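Student: Give me a 3D structure for the following:
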Amino acid sequence: MQTIEQFLTSDWYKQVTAEIIQLKPQVQFVEHASFEASLLMDSFKERKYVLEGFGVSAPTEEECIQWIMEQMDRDKNHIMSYVLARLTFSEQLEDDPDGEFPEGEELEAGNRSEVVEVLGFTRSVIANTIIEYDMVQNHPKQLTAFFKRTHIPGAANFSSQIKKLYASIAK
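Tutor: The predicted model follows:
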């Protein structure tokens, strides 16, 4: 059995990362971090939960890996285009690490987080984007629920932006 940790450092995944860098040379990836495997697995679990509901068993790491590889085998060119567009989109987002607050509950200026340095993307962003691609392409009505489950601030607004991004590359 291959673990997600092994998958993210595998030759197959390194090749996908190298292809992204070749297509978008300015993209920066940070060194592999220990938390990436658990975040990727959480995203895959939330995808399964949103699509199948409470009564399903949790997916295994092997199922997650197999599913990601099958997606790439099935639709690599479109997925790569989406990953590139999504990375560009992410680079252009205004950084708000505190998220959104209801009116009247916003943080005061002195209490807000501040971005000190932008290091780049984690390598797992490619695999996570494949999960997102599947959601926006095949399950757009559940995209907001998926973003809520994965703790994306302003999930409904973000879902709308991602749908527009997908539409722009699906042409």
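
Student: Could you use CA atoms for every contact and neighbour count after this?
Tutor: Noted.

Student: List the buried residues for the helix ranked longest in the chain?
Tutor: In the chain, assigned by DSSP state H, the helix with the most residues is helix 61-92. Within helix 61-92, the residues that count as buried by 16 or more other Cα atoms under 10 Å are 61, 64-65, 68-69, 72, 79-80, 82-87.

Student: Specify the local secondary structure of L39.
Tutor: helix (DSSP: H, G, I helix; E, B strand; the rest coil).

Student: Show the residue spans covered by the helices in the protein.
Tutor: Under DSSP H, the chain gives helices at 4-8, 11-23, 36-52, 61-92, 125-138, 143-149, 155-170.

Student: Switch these over to JSON lines; also include distance to F29 and mean pLDDT.
Tutor: Below are these laid out as JSON lines (distance: least, Cα to Cα, whole Å; pLDDT from 0 to 100):
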{"stretch": "helix 4-8", "distance to F29": "13", "mean pLDDT": "93"}
{"stretch": "helix 11-23", "distance to F29": "9", "mean pLDDT": "95"}
{"stretch": "helix 36-52", "distance to F29": "13", "mean pLDDT": "94"}
{"stretch": "helix 61-92", "distance to F29": "11", "mean pLDDT": "95"}
{"stretch": "helix 125-138", "distance to F29": "9", "mean pLDDT": "97"}
{"stretch": "helix 143-149", "distance to F29": "23", "mean pLDDT": "95"}
{"stretch": "helix 155-170", "distance to F29": "22", "mean pLDDT": "94"}
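
Student: I'd like these written out as JSON lines, with distance to V30 added.
Tutor: Formatted as JSON lines, the helices of the chain follow (distance: least, Cα to Cα, whole Å):
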{"stretch": "helix 4-8", "distance to V30": "13"}
{"stretch": "helix 11-23", "distance to V30": "12"}
{"stretch": "helix 36-52", "distance to V30": "11"}
{"stretch": "helix 61-92", "distance to V30": "14"}
{"stretch": "helix 125-138", "distance to V30": "11"}
{"stretch": "helix 143-149", "distance to V30": "24"}
{"stretch": "helix 155-170", "distance to V30": "24"}
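
Student: what's the farthest-apart pair in the buried residues of helix 61-92?
Tutor: Across these, the longest distance by Cα to Cα is 27.0 Å; it joins E61 and A85.

Student: quick one: which of the buried residues of helix 61-92 is nearest R149?
Tutor: Nearest to R149 among the buried residues of helix 61-92 is C64, at 17.4 Å by Cα to Cα.

Student: dump the residue contacts of the closest residue to the closest one other than its chain neighbours.
Tutor: With sequence-adjacent residues excluded and distances taken as Cα to Cα, 6 or more residues apart in numbering, C64 is closest to F44, at 6.5 Å. F44 sits next to 59, 64, 131 when contact means Cα atoms under 8 Å, 6 or more residues apart in numbering.
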